[in-house]
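Peer 1: Here you go, sequence then predicted model.
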Amino acid sequence: MDQVEEIKSRVDIVDLVSSYLELKKAGVNYKALCPFHNEKTPSFMVNQDRGIFKCFGCNESGDIFTFIEKMEGVDFPEALKILAEKAGVRLERIEKKFYDQKRNLYEINNQASEVFHHLLTKSKLGLQARKYLLARGVKKETIDQFKLGYAPKNFEFLSRYLLKKGFKESELVLSGLCLRRERIIQDRFPLFDRFRGRVMFPLYNPAGNVIAFSGRLLKEEEGVGKYINSPETPIFSKSRSLFALDKAKTGIRKIGAVILVEGQMDVVLSHQHGFENTVASSGTAITLEQVKILRRLTNRFLFAFDADEAGAEATKKGVRLVLAEGGDILVINTPKGFKDAAEAINQDPSLWQEAIKKAEPYLDYLEKKTLARFNRSLSPEDKRDIALEILPEIASISDPIVAGDYISRLAARLETQEKYLYEAMGRLKQLPATSYQLPAESLAKRDLAPPDRKPEAGSSSIENHLLGLLLVFPDYFDSIKNFLSESDFNLKKTGSIYKKLKKGYALKRKFNLEKFVASLNPRERDLINLLVLEVENEYNGEDEEIAGEEIFSLIERIKKGKKEELSKDFEGKIKKAEKSGDQEKIKKLVREFQEKVISSN
């Protein structure tokens, strides 16, 4: 057994998926609301025995590795490592095979994090940084928990250290921690450190590796940014990464909500005082990828960006993305007299606790804030301006019932008719992407429905569906085995599996699905497992007669398609023979046509 199969045998897919989603028993399978698209009725199915999942709404499917890749936003090697740790399997050969460059980048970042943390907590070089963090209310235990560090104000400290550890210059540059000097003078060191004189906040991936850093300047300097972040690298994508998500996942699932703040210090102090469902978007406005990752953990988003114009704008951008993904949004109003969550928490954590309790739905917040600017009797132009500010947010809501309720309320506030607001919202959707903009995917996602029960017209889907039905309803095989051969299949793969299936039935033993699936090669096994799951989801015990009718109907379609294909083939060959005047060949082809096509009717 190779290591991938060993991990599969040790990790129960139901246990794994249950740690992310609420699964409910549904016959031989388990079901849940799909984490990969917005839906109201569960169409996400998990089969424990076969170790697979499939969503019949968006068609995402796979095994434990695919599930982790999609849920955590990682590639196969990272999913392999995460699941190996869960299974207690030590990766050797596979790790060597897959990791190469990425493994070195993880190691560079991990070692840099260790050095920065040591300098902050143990060295005289980090004394001022320690004093700064203590003054901000950060405890020693929290410093250790987040592995906060300090990058000394030295251009070559980290570069020289990592080179001595055996890493290549090219790897250090690729990691984003070091940069090449533009002009290399003889005998001058070729690299310099990106982070200097900064408190360091490491970002982790789900496997516990450091993938990037954010550095805060210890002493502000003119023309130098207060925060700088790692650039995009092969192991770090800004649009997919959230600061402290690795630490917040448990809290998000437990509480059923995520708190989004703007800065790393907001997150650190939030976690220190028990608000463990808090993450930050690391200095950028929240992205669609980040929303999707969080949406898999919760449907409830609490925005707590800084109480300034930039914070308000960041909130607005993120809101439309969340609304389009079907999330519920509340806004935490930063307590008066404080700039951000960190300041309020440091002064009195109960102030922040109260602010969270009083968080209000975003559209209520926006409506109140917008109307407050018009402290007079509203003119028609005022009503237009208010509507233009609020309607784009309502248009982003994926649930038409919720959107309709907000339209009704706004119409009442503006003392106008709902139809005019709907008309205005319709015009907004036709505007170019300027101040008003919906995410490209939002409208397309609103009417997602499970696919129709009947298979598509393509021969591959028909053949696959027939195989699935014959495996789930084996009693019909005796009735059809003489009417269908492997040569009737267009696809070699399905024809090969049918041939093996026919051989299995011919043994005159009671057919055992699990043994049959185990006898197939890995690719065939994966296909059959999905086909069986699809059929089990579509049919139940009471549908056996319907399944039988479908089996005969599919066979008829397959054979009809095969005859049409043969007819076209013979037609082409006969025309070619006629052009060449080869009478013997024409007679032979006509005989074959009569035998293979006409006489088989």
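Peer 2: Good, I have the coordinates.
Peer 1: give me the number of residues near Thr111?
Peer 2: For residue 111 the amino acid is Gln, not Thr. 17 (other C-beta atoms under 10 Å). All C-beta atoms are positioned from the backbone trio N, CA, C, and that covers glycine.
Peer 1: That one against Leu163, yeah?
Peer 2: No - applying C-beta atoms under 8 Å as the test, Gln111 and Leu163 come out as separate, 11.6 Å apart.
Peer 1: Common neighbours of the two, please.
Peer 2: Common contacts of Gln111 and Leu163 (C-beta atoms under 8 Å, 6 or more residues apart in numbering): none found.
Peer 1: Bridge partners for Phe201, pull those for me.
Peer 2: Ser214 (DSSP bridges).
Peer 1: In this structure it contacts Gln264, no?
Peer 2: Yes - using C-beta under 8 Å, Phe201 is in contact with Gln264, at 4.3 Å.
Peer 1: any common contacting residues for those two?
Peer 2: Going by C-beta under 8 Å, 6+ apart, residues that sit against Phe201 and also against Gln264 are Ser214, Arg216, Phe243.
Peer 1: Give me the buried entries from those.
Peer 2: Ser214, Arg216, Phe243 (16 or more other C-beta atoms under 10 Å).
Peer 1: Ramachandran coordinates for the last one?
Peer 2: Reported as degrees, to the nearest 10, the phi and psi values for Phe243 are phi -70, psi 130.
Peer 1: Output the below-cut-off pLDDT ranges for the stretch 51-200 of the chain.
Peer 2: 92-100, 183-187 (pLDDT under 70).
Peer 1: Which parts of it are helices?
Peer 2: Using DSSP state H, counting those that start in this stretch, the helices of the stretch 51-200 of the chain run over residues 64-72, 76-87, 93-98, 100-122, 127-135, 140-146, 157-164, 169-175.
Peer 1: how about the ones you listed in TSV, adding distance to Phe303?
Peer 2: Listed next are those as TSV, based on distance: least, C-beta to C-beta, whole Å:
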stretch	distance to Phe303
helix 64-72	23
helix 76-87	29
helix 93-98	38
helix 100-122	29
helix 127-135	26
helix 140-146	22
helix 157-164	35
helix 169-175	32
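Peer 1: To Gln353, which of these lies closest?
Peer 2: helix 140-146 (18.0 Å; C-beta to C-beta).
Peer 1: which of the shared contacts of Phe201 and Gln264 lies closest to His465?
Peer 2: Of all these, His465 sits closest to Phe243, with 46.1 Å by C-beta to C-beta.
Peer 1: That closest one contacts Leu203, doesn't it?
Peer 2: Yes - contact status for Phe243 versus Leu203: in contact at 5.7 Å, counting by C-beta under 8 Å.
Peer 1: in the chain, which helix has the most residues?
Peer 2: helix 544-580 (DSSP state H).
Peer 1: helices or strands up against that helix?
Peer 2: helix 459-472, helix 477-480, helix 583-593 (3 or more C-beta pairs under 8 Å, 6 or more residues apart in numbering; DSSP states H and E).
Peer 1: Of the helices of the stretch 51-200 of the chain, which is nearest Gly495?
Peer 2: The nearest among the helices of the stretch 51-200 of the chain, by C-beta to C-beta, is helix 64-72 at 26.6 Å.
Peer 1: Who are the packing partners of that closest one?
Peer 2: Helix 64-72 sits against helix 3-10, helix 13-18, helix 76-87, with contacts defined as 3+ C-beta pairs under 8 Å, 6+ apart.
Peer 1: strands paired with the helix or strand that comes right after the second one, and their directions?
Peer 2: What that stands for is helix 13-18. Going down the chain from helix 13-18, the next helix or strand is strand 24-26, by DSSP states H and E. Paired strands of strand 24-26, with direction, are strand 29-32 (antiparallel) (DSSP bridges).
Peer 1: next one: the strand it pairs with to chain centre, how far?
Peer 2: Put simply, strand 29-32 sits 19 Å off its chain's centre (C-alpha atoms, centre = their mean, to the nearest Å).
Peer 1: The helix or strand immediately after it in the chain pairs with which strands?
Peer 2: Using DSSP H and E, the helix or strand that follows strand 29-32 in sequence is strand 44-47. When sheet partners are counted by DSSP bridges, strand 44-47 sits next to strand 29-32 (antiparallel), strand 52-55 (antiparallel).
Peer 1: so of the ones you listed, which one's packed in deepest?
Peer 2: Highest mean neighbour count of these: strand 52-55, a mean of 24 (counted as mean count of other C-beta atoms under 10 Å).
Peer 1: who touches that strand?
Peer 2: 13, 17, 34, 36-37, 43-47, 60-63, 66-67, 526, 529-530, 533-534, 537.
Peer 1: what sits against the closest residue to Glu156 other than its chain neighbours?
Peer 2: The shortest distance from Glu156 to any non-neighbouring residue, by C-beta to C-beta, 6 or more residues apart in numbering, is to Phe189 (5.3 Å). Counting by C-beta under 8 Å, 6+ apart, Phe189 makes contact with Glu156, Ser159, Arg160, Arg181.
Peer 1: Relative to Phe570, how far out is Phe189?
Peer 2: 77 Å (C-beta to C-beta, to the nearest Å).
Peer 1: what are the ranges of the helices in the stretch 251-400 of the chain?
Peer 2: 264-272, 288-295, 309-324, 341-347, 349-357, 362-372, 380-395, 400-414.
Peer 1: in stretch 527-542, what counts as buried?
Peer 2: Within stretch 527-542, the residues scored as buried using 16+ other C-beta under 10 Å are 527-539.
Peer 1: Mean neighbour count, mean pLDDT and distance to Lys336 for the helices and strands packed on helix 544-580 - can I get that in JSON lines?
Peer 2: Putting the helices and strands packed on helix 544-580 into JSON lines (neighbours: other C-beta atoms under 10 Å; pLDDT from 0 to 100; distance: least, C-beta to C-beta, whole Å) gives the following:
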{"stretch": "helix 459-472", "mean neighbour count": "21", "mean pLDDT": "80", "distance to Lys336": "61"}
{"stretch": "helix 477-480", "mean neighbour count": "14", "mean pLDDT": "77", "distance to Lys336": "75"}
{"stretch": "helix 583-593", "mean neighbour count": "14", "mean pLDDT": "77", "distance to Lys336": "89"}
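Peer 1: and Asn512, which of these is closest to it?
Peer 2: helix 459-472 (11.0 Å).
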